[in-house]
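Novice: Starting from these lines, generate the structure:
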Amino acid sequence: MIEKKLDKTIREFIWNIVEIHAQLDDIHTSWAGLLGITQPQWLILMAITELDEGRGVAGIEIANKLRVHPAFVTNQTKILEKGGFLSRQPATDDARFILMSLTAKATAEIEKLSKRKLALNSTMFNELDEKTLSELNAALATIARNARLAARLLAIDAS
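Specialist: Purely as a prediction, here's the structure:
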């Protein structure tokens, strides 16, 4: 059983995560607005930036990264394609999969924001060095993995 003091610390941690999530939502909404797209579309572009290793990214990979339904990614990427932000091409080895890549327009627009993004990251992570951030990332990855397990257990209990 979790002791009372630890329980309080866990609750404080969870509320800090809620606060960080809300602030990041606002930040992503602002970045998206600068490009004239929605916040979910911005996150799709960021996911493609993160995942693309030169061959394009399948919608399922983007959906998994963002924890959204693949149909949502399909819908939004079609809009982004019409806006000139990404290209969608069938995979050469399996035409059932559509691979998405940023266009030159998207890359240029994101690059224009890079100095501002660096300044923002510097503000957000000002008092943390690389070692501290690496340790924090490892701890958060463990918590995320355990949270997925806890959510599955809760779903089993609820049924």
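
Novice: all contacts plus neighbour counts: C-alpha atoms, from now on.
Specialist: Will do.

Novice: wait, what's in contact with the closest residue to Thr103 other than its chain neighbours?
Specialist: Ranked by C-alpha to C-alpha, 6 or more residues apart in numbering and with sequence neighbours excluded, the top spatial neighbour of Thr103 is Leu86, at 4.8 Å. The neighbours of Leu86, taking C-alpha atoms under 8 Å, 6 or more residues apart in numbering as the test, are Thr77, Leu80, Met100, Ser101, Leu102, Thr103, Ala106.

Novice: Arg55 now?
Specialist: Leu99, Ser101.

Novice: Would you agree it falls within a strand?
Specialist: No. Arg55: not assigned to a strand; according to DSSP: H, G, I helix; E, B strand; the rest coil it is coil.

Novice: mind checking how far it is from Leu102?
Specialist: 11 Å (C-alpha to C-alpha, to the nearest Å).

Novice: For the top helix by length along the chain, could you pull out the residues that count as buried?
Specialist: If you go by DSSP state H, the chain has its longest helix at helix 4-35. For helix 4-35, a neighbour-count test (16 or more other C-alpha atoms under 10 Å) marks His28, Thr29, Ser30, Trp31, Ala32 as buried.
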